[in-house]
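[1] the following block contains a protein sequence and its predicted model.
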Amino acid sequence: MLIVSTFPKRRKIYFFKNENTMKKNHEFLDIRKSGFTRVAVVIPRVHIANPVKNEEEHFKLLEKVYAEGVQYALCPELGLSSYTAGDLFHNDQLIQTSKEALLELVRKTHQMNMLISVGVPLRIDGKLFNCGVTFRNGRIFGVTVKAYLPNYREFYEHRHFSSGRELTRKIVTFGIHKDVAIGMDVLIRSNQNEHFALHLEICEDMWVPIPWSAKAALHGATILANLSASNITIGKSDFRELLILAQSAKCNAVQMYSAAGLGESTTDLAWDGDGYIAERGSVLSRTERFAMKGTYTISDVDLLTMCNERMRQGSFSENALDNPTNFREIYFDDEYLSEQSERHVIYQSFKRKIDSHPFVPHDEARRDERCYETFKIQALSLARRLEALGEERRKIIIGVSGGQDSTHALNIAAHTMDLLGLPRTNIIAITMPGFGTTDRTYKNACRLIKAVGATLLEIPIRDLAKQSFRDIGIPDVDLLLQEIRNIVEEGRRDLESQKKKLTFENIQAWLRKHTLFSISVSEGGIVLGTGDLSELLVGWCTYGGDQFSHYGVNAGVPKTLISYLILWAVDVIFKDEPEVQEVLRDIVKTPISPELLPPGEDGTITQKTENEVGPYELIDFFGYHFVRFGKRPSHIARLCYHAFDGKYTVGEIKHWLSLFLSRFFANQFKRSTLPDGPKVGLTCISPRGDWRMPSDAKPDIWLADVSRNIPDVLEFPKDEEKTEKITK
């Protein structure tokens with residue numbers, strides 16, 4: 001048996017000491033509780049014109065995928081008879097045996113709580129139809145009939161079959177299976193899972209300009225399943241994949257596709273057994289082509305997110321109004337969500353890949369492409385902003401700290417000047433050493449400014465800050481400095497200590513921004529913001545300080561992508577500037593810090609941002625799923641636990657997610673007053689773009705979900721005996 005899929009093969013099994021712990025942890029771990037449904041594309045070994053053996057091949061693979069927790073399985077076109085039976089389709093023996101094989105398969109799978117679709121020829125009212133039959137627990141729920149029969153090149157289906165458009169009835173009976181809906185307009189829904197809605201179509205039906213599946217999606221179908229035979233010729237696989245991806249993307253749906261494999265006749269054709277599970281424009285898993293045995297692939301599809309996306313995309317429902325089609329909805333009872341299910345252990349692990357860094361592609365080539373697009377979006381947007389100014393004002397004022405954000409913004413500014421044919425000296429880059437500035441970042445800032453050819457200004461803010469402290473009633477600045485050091489070293493978080501610390505930090509941040517705007521007035525030009533998307537998600541910026549600028553070029557760029565952008569610029573933008581390359585590489589290795597608190601006695605950074613707000617990779621993960629997809633916190637935590645695969649405990653995820661939500665809501669007022677800046681990705685928090693939220697909203701119901709539905713700890717098996725027991 002050959003099994004090919006993109007999900008990890010390793011699976012964790014959990015054991016819990018008591019019933020209450022078991023229930024809470026079971027609900028958290030169960031992927032179905034987070035809106036996922038497990039589906040499979042099954043491609044059995046084919047025996048030409050031998051329905052008995054084909055039924056056996058189907059059953060063997062269906063047993064295997066059911067053991068993996070599959071809730072819906074799709075098989076190929078005419079799989080029970082074989083697609084290449086030719087004129088044998090006109091023989092009563094093949095027609096009748098195929099029908100008997102179907103009923104036998106329905107009978108043998110009656111104890112499987114799994115919806116199944118198989119391909120079979122059916123004679124109805126003296127006509128032969130190419131059909132897909134869907135059944136579960138020994139009951140047939142619907143029959144789909146192929147509407148568009150290919151009769152060109154190597155295909156001659158009109159020789160054997162009638163089109164579904166010739167069907168004269170809406171229901172059909174197969175022995176004990178009475179009043180079964182038949183046609184192209186059948187939609188199968190779950191009584192228990194509101195997001196599950198299946199539409200079946202057959203091969204060519206997806207290749208026409210307006211397929212029935214598109215109409216079904218507009219009517220609410222979330223899973224579009226295509227039974228296909230689809231022989232293989234050179235280049236066809238690529239085109240097939242494009243079609244599947246496009247269909248899943250434009251329909252905002254899951255597109256499943258099961259093509260015939262080994263065993264079909266090779267008299268004139270070849271077969272590759274190409275099976276797909278695609279979701280909203282991306283391939284989740286795919287069978288291995290040209291397999292010498294039956295094969296299948298499994299993936300967990302996110303139907304909840306899909307429905308949320310459709311809800312968000314108003315044009316989707318508007319398009320449905322312009323294309324009214326009446327579908328017959330057939331409902332089945334789905335007991336798989338039962339708390340008492342003995343199979344719940346199967347659903348404690350995902351069978352799909354979830355990116356821990358959703359903004360950063362793992363594939364190096366795609367990552368380079370992402371960096372290229374991001375860099376160019378930022379640079380061309382900034383160039384357009386400068387073009388709108390008078391020639392004498394086409395200057396950029398930027399504060400450079402030696403950290404990654406300001407470094408990337410300076411790189412963008414330098415490339416923008418190159419694009420406009422302006423000298424890089426039009427960039428006035430200012431280093432503003434404060435009480436937390438370390439020797440390493442200061443030197444790197446100066447080296448970088450000089451290396452890129454910008455105009456360097458150094459304006460220390462310490463004396464300005466001391467005067468501000470005195471003006472607000474803090475005469476002894478040295479005593480304040482020592483107290484701030486003590487607060488940091490002792491980790492004090494009482495209200496009075498935090499107030500002193502924030503005063504110390506924010507005054508410096510405001511003075512830096514005051515300095516930048518002062519230079520802007522004096523020299524002309526615009527102040528370029530350097531704060532990134534991740535900082536804005538948690539409000540890690542001073543209102544009216546680094547939160548403000550004339551143009552926030554980094555506002556759409558997440559922290560997890562910044563390092564890659566800098567290294568990409570080393571290889572591409574500054575490939576002929578070795579001095580720039582050297583300093584950029586060192587900056588990437590520097591810890592992330594605003595450097596507003598005093599350094600340690602050895603001169604190293606003591607204020608590390610991630611110790612305060614959490615790891616930026618978690619912030620980006622939380623923000624991506626919360627803002628982009630509107631997921632509830634407990635679902636985000638479950639995805640996060642899987643994505644990072646043990647790097648963070650569930651307790652750590654719960655802690656940082658709670659902090660993220662608290663900060664996200666508390667700091668909306670900073671996002672509501674953001675300056676202009678380019679939208680880079682699909683996760684955007686501009687008040688003029690994707691995110692409009694009241695600044696006085698509270699996170700209470702979201703924090704309640706965290707508290708109620710995310711456990712503090714997950715307990716693992718203590719011995720092999722318990723592991724074996726719960727696995728069974």
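    Everything's here; your move.
[2] in this structure Glu27 contacts Asn709, no?
    Yes: in terms of Cβ atoms under 8 Å, Glu27 counts as a neighbour of Asn709; the distance is 6.7 Å. For glycine as for every other residue, the C-beta is placed from the backbone atoms N, C-alpha and C.
[3] pLDDT weak spots in the chain?
    1-24, 335-342, 592-607, 715-728 (pLDDT under 70).
[4] quick check: domain ranges of it?
    Domains of the chain are assigned by automatic domain parsing as 2-6+37-348, 364-462+512-610, 614-666+698-728.
[5] which neighbouring elements make contact with whichever strand or helix holds Ile428?
    If you go by DSSP states H and E, Ile428 is part of strand 427-431. The contact analysis (3 or more Cβ pairs under 8 Å, 6 or more residues apart in numbering; DSSP states H and E) places strand 427-431 against strand 396-399, helix 404-420, helix 439-452, strand 455-458, helix 495-523.
[6] if I look at the residue nearest to Ile427 when sequence neighbours are not counted, how far off is Glu241?
    Leaving aside its chain neighbours, Ile427 sits nearest to Ala454 (3.9 Å; criterion: Cβ to Cβ, 6 or more residues apart in numbering). Going from Ala454 to Glu241 by Cβ to Cβ, to the nearest Å gives 46 Å.
[7] before we move on, back to that, could the domains of the chain go into JSON lines alongside distance to Trp691 and mean neighbour count?
    As requested, the domains of the chain are arranged in JSON lines below (distance: least, Cβ to Cβ, whole Å; neighbours: other Cβ atoms under 10 Å):
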{"stretch": "domain 2-6+37-348", "distance to Trp691": "12", "mean neighbour count": "20"}
{"stretch": "domain 364-462+512-610", "distance to Trp691": "10", "mean neighbour count": "20"}
{"stretch": "domain 614-666+698-728", "distance to Trp691": "6", "mean neighbour count": "18"}
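[8] want to try JSON lines for the ones you listed, with distance to Leu674 as columns?
    JSON lines is the format used below for the domains of the chain (distance: least, Cβ to Cβ, whole Å):
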{"stretch": "domain 2-6+37-348", "distance to Leu674": "21"}
{"stretch": "domain 364-462+512-610", "distance to Leu674": "6"}
{"stretch": "domain 614-666+698-728", "distance to Leu674": "14"}
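[9] out of the ones you listed, flag the one nearest Leu502.
    domain 364-462+512-610 (9.1 Å; Cβ to Cβ).
[10] mind listing the helices for the stretch 251-400 of the chain?
    Secondary structure of the stretch 251-400 of the chain by DSSP state H, counting those that start in this stretch: the helices cover 303-312, 314-322, 364-387.
[11] redo those helices as a markdown table? Include distance to Lys99.
    Shown next, in a markdown table, are the helices of the stretch 251-400 of the chain (distance: least, Cβ to Cβ, whole Å):
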| stretch | distance to Lys99 |
| --- | --- |
| helix 303-312 | 33 |
| helix 314-322 | 36 |
| helix 364-387 | 48 |
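[12] of these, which is nearest Pro211?
    helix 314-322 (14.2 Å).
[13] got the contact list for the closest one?
    Identification of contacts with helix 314-322 by Cβ atoms under 8 Å, 6 or more residues apart in numbering yields Leu218, His219, Asn252, Arg310.
[14] quick check: the third one touching Ala278?
    What that stands for is Asn252. No: here Asn252 does not reach Ala278: they are 11.7 Å apart, not a contact under Cβ under 8 Å.
[15] return the distance of stretch 290-302 from the chain's centre.
    Remark: stretch 290-302 is offset 22 Å from the chain centroid, using Cα atoms, centre = their mean, to the nearest Å.
[16] what does stretch 634-646 give?
    13 Å.
[17] show residues contacting it.
    In contact with stretch 634-646 (Cβ under 8 Å, 6+ apart) are residues 8, 28-29, 31, 33-35, 304, 349-350, 354-356, 618, 621-622, 625-626, 631, 648, 650, 653-654, 657, 705-706, 708-710.
[18] now do stretch 464-482
    Residues beyond stretch 464-482 that count as contacts (Cβ under 8 Å, 6+ apart) turn out to be Gly434, Phe435, Lys500, Thr503, Phe504, Ile507, Gln508, Leu511, Thr515, Pro598.
[19] could I get those in TSV, plus columns for distance to Ile449?
    Formatted as TSV, the contacts of stretch 464-482 follow (distance: Cβ to Cβ, whole Å):
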residue	distance to Ile449
Gly434	17
Phe435	21
Lys500	33
Thr503	30
Phe504	27
Ile507	25
Gln508	20
Leu511	20
Thr515	15
Pro598	24
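[20] and the two most separated of these?
    Lys500 and Thr515 (23.3 Å).
[21] gap between Ser634 and Glu582?
    Ser634 is 46 Å from Glu582, by Cβ to Cβ.
[22] nope, Phe504 is what I was after
    34 Å.
[23] show me what contacts Gly556?
    Here Gly556 is in contact with Leu533, Gly677, Pro678, Lys679, Val680, Gly681, Cys684, Ser686 (Cβ under 8 Å, 6+ apart).
[24] same question, Gly614
    Per Cβ under 8 Å, 6+ apart, neighbours of Gly614: Val538, Trp656, Leu659, Phe660.
[25] can you tell me which of these end up in strands?
    Per DSSP state E, strands hold no members of these.
[26] quick one: Ser117 is in a strand?
    Yes: according to DSSP: H, G, I helix; E, B strand; the rest coil, Ser117 belongs to a strand.
[27] quick one, phi psi at the closest residue to it other than its chain neighbours?
    The shortest distance from Ser117 to any non-neighbouring residue, by Cβ to Cβ, 6+ apart, is to Thr134 (4.6 Å). When read as degrees, to the nearest 10, the backbone of Thr134 gives phi -110, psi 130.
[28] verify the stated contact: Thr134 with Arg189.
    No: between Thr134 and Arg189 there is no contact, the gap being 11.6 Å when judged by Cβ under 8 Å.
[29] what touches both of those two?
    Leu198.
[30] rewinding a little: filter the contacts of helix 314-322 down to the ones in strands?
    With strands defined by DSSP E, no entry of the contacts of helix 314-322 lies inside them.
[31] now those in JSON lines, with distance to Arg384?
    Listed next are those as JSON lines, based on distance: Cβ to Cβ, whole Å:
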{"residue": "Leu218", "distance to Arg384": "38"}
{"residue": "His219", "distance to Arg384": "42"}
{"residue": "Asn252", "distance to Arg384": "32"}
{"residue": "Arg310", "distance to Arg384": "33"}
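[32] between the contacts of Gly556, which is nearest Ile232?
    Gly681 (36.1 Å).
[33] for the closest one, helix, strand, or coil?
    Gly681, by the three-state scheme (three-state DSSP), is coil.
[34] near it, how many other residues are there?
    18 (other Cβ atoms under 10 Å).
[35] how much space separates it from Ser315?
    20 Å.
[36] same check on Ile562?
    Ile562 is 33 Å from Ser315, by Cβ to Cβ.
[37] quick one, what contacts the nearest residue to Val301 once chain neighbours are set aside?
    Nearest residue to Val301, sequence neighbours excluded (Cβ to Cβ, 6+ apart): Val254, at 4.6 Å. With contacts defined as Cβ under 8 Å, 6+ apart, Val254 is in contact with Val39, Thr222, Ile223, Leu224, Ser248, Ile277, Ala278, Glu279, Val301, Leu303, Met306.
[38] let's see that with 6 Å instead.
    Ile223, Glu279, Val301 (Cβ atoms under 6 Å, 6 or more residues apart in numbering).
[39] bridging residues for it?
    With DSSP bridges as the criterion, Val254 is bridged to Ile223, Glu279.
[40] so it versus Ser349, what's the distance?
    Taking Cβ to Cβ as the criterion, Val254 is separated from Ser349 by 20 Å.
[41] kindly report the same for Ile562.
    32 Å.
[42] equivalent analysis for Thr173, please.
    With Cβ to Cβ as the criterion, Thr173 and Ser349 are 42 Å apart.
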